[in-house]
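**Student:** the sequence and its predicted three-dimensional model are supplied below.
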6 protein chains.
Amino acid sequence: MKLSARNQLKGKIVAVVKGQTTAHVRIDLGNGMVVTSSITNEAVDDLQLAPGDEAIAIVKASDVMIAK
Amino acid sequence: MKLSARNQLKGKIVAVVKGQTTAHVRIDLGNGMVVTSSITNEAVDDLQLAPGDEAIAIVKASDVMIAK
Amino acid sequence: MKLSARNQLKGKIVAVVKGQTTAHVRIDLGNGMVVTSSITNEAVDDLQLAPGDEAIAIVKASDVMIAK
Amino acid sequence: MKLSARNQLKGKIVAVVKGQTTAHVRIDLGNGMVVTSSITNEAVDDLQLAPGDEAIAIVKASDVMIAK
Amino acid sequence: MKLSARNQLKGKIVAVVKGQTTAHVRIDLGNGMVVTSSITNEAVDDLQLAPGDEAIAIVKASDVMIAK
Amino acid sequence: MKLSARNQLKGKIVAVVKGQTTAHVRIDLGNGMVVTSSITNEAVDDLQLAPGDEAIAIVKASDVMIAK
């Protein structure tokens, strides 16, 4: 299965923090870069996300802003 | 000025492609990772974005999906 | 590969319209429902999207608004 | 009032789950398709959303990703 | 019809610029504030958007970033 | 530092409400307009956001929907 999203960044999960409905998952991409994702608790359970897992951070090009 | 967005990834612009209203800008983050951003042509002109510039790719945590 | 996005709607591509940088793809979900997606031309070429293809429309829960 | 969003999918609310600030609302579109929306608790109260209500799931075309 | 989006800002359309697939619409909110929206050309035609029209800029709370 | 986001609306923070992972921040833009932002608790702490602070609500053009 291929995705249209242009940004697919591979890394390793380093933290999973669940709230009542929303969870924050941090993925270490290497090179000092760590990405934070905000997803539903349901998604965390469905994908059984846990620290140490290989995972991919996926972002649509239209959701990337630029600063200079 | 600090931003609430949790994802601020520094890199170098490697491509700027303008359409009639929307432009695609690619930022090399190093470590083999290149991010694509879709922004308005106006923003490209306003920030005078060009290949070789240092720039930051900014993404809200709620816009990051995960695959495993 | 599993995705964290809670909305994964299967259907058939019925139209692909390319602009200079951005393309619009329409997916018929059946039951009279057709979804429109706005993605990069690059993604259309990468996934070789064409009318008649089976495809999945993917939407993060945080991108779904409700009207009543 | 008409909306610019290209995706307006009618259905019936089947679940409303509130967290401390964010709620998840599931809308049955029929044909086996159920959509999950993540909105503020305030919006749930403002629109008095409850299971059994007719409601419309609204998504901008730029927020729809495609998998093939 | 009520919307879950927490941000509904009333104003007057001051510009509509169409690309090949994507249009930019600017709405003057008064008080020196002008908002830019990027929507499909189809939406512009469907809502018959033109300078001088009263319109509402609608944004989900999860799409608002903060700088300080 | 300049941002590509076309919408940068200055105002004053009038409320900060934290959930377990997600916070809601309201910014008074003047002229009777108040914007709600949904960000991570971490961002609230990082930027030390509190009522009375001057702040900027930032929105990408692609995240602005229009109603007429």
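**Tutor:** Yep, it's here. Nothing here was measured: the structure is a model prediction, and the numbers come from that model. Numbering: from 1, shown residues only, chains lettered A, B, ... in the order given.
**Student:** so which residues of chain A form helices?
**Tutor:** All helices of chain A, identified by DSSP state H, fall at A:41-46.
**Student:** show me what contacts whichever residue of chain A sits closest to chain F?
**Tutor:** When CB to the nearest CB is the measure, chain A has its nearest residue to chain F at A:Gly19, with 3.3 Å between them. For every residue, glycine as well, the C-beta is placed using N, CA and C. When the contact criterion is CB atoms under 8 Å, 6 or more residues apart in numbering or on different chains, the partners of A:Gly19 are A:Asn41, D:Gly19, D:Gln20, D:Thr22, F:Gly19, F:Gln20, F:Thr21, F:Thr22.
**Student:** could you check how far the first one is from A:Thr22?
**Tutor:** A:Asn41 sits 7 Å away from A:Thr22, going by CB to CB, to the nearest Å.
**Student:** again with the fourth one
**Tutor:** In this structure, D:Thr22 and A:Thr22 are separated by 5 Å, where distance is defined by CB to CB.
**Student:** name the residues contacting each of those two.
**Tutor:** Where contact means CB under 8 Å, 6+ apart, the residues bridging D:Thr22 and A:Thr22 through contact with each are D:Ser38, F:Gly19, F:Thr22.
**Student:** pick the one among these closest to B:Gln48.
**Tutor:** The closest of the shared contacts of D:Thr22 and A:Thr22 to B:Gln48 turns out to be F:Thr22 (CB to CB; 35.5 Å).
**Student:** specify the beta-bridge partners of A:Leu3.
**Tutor:** A:Leu3 has the following beta-bridge partners by DSSP bridges: D:Ala67.
**Student:** that one touches A:Val59, doesn't it?
**Tutor:** No. Taking contacts as CB atoms under 8 Å, A:Leu3 lies outside contact range of A:Val59: 10.6 Å.
**Student:** next one: stretch A:44-53 to chain centre, how far?
**Tutor:** Its chain's C-alpha centre and that of stretch A:44-53 lie 11 Å apart, by CA atoms, centre = their mean, to the nearest Å.
**Student:** please apply the same query to stretch A:55-68.
**Tutor:** 11 Å.
**Student:** got the end-to-end distance for it?
**Tutor:** Stretch A:55-68 has an end-to-end distance of 29 Å (CA to CA, to the nearest Å).
**Student:** sorry, back to before: and A:Asn41 and A:Thr22? which has more neighbours close in?
**Tutor:** Counted by other CB atoms under 10 Å in any protein chain shown, A:Asn41 and A:Thr22 do not tie: A:Thr22 has more neighbours, with 31 against 18.
**Student:** can you list the residues of chain A near chain F?
**Tutor:** Along chain A, the residues adjacent to chain F under the rule CB under 8 Å from any CB of the partner chain are A:17-20, A:22-24, A:36, A:38, A:62-63, A:65-68.
**Student:** quick one: buried ones out of these?
**Tutor:** With neighbours counted by 16 or more other CB atoms under 10 Å in any protein chain shown, those contain buried members at A:17, A:19-20, A:22-24, A:36, A:38, A:62-63, A:65-68.
**Student:** out of these, which is nearest to E:Asp46?
**Tutor:** Nearest to E:Asp46 among those is A:Ser62, at 20.2 Å by CB to CB.
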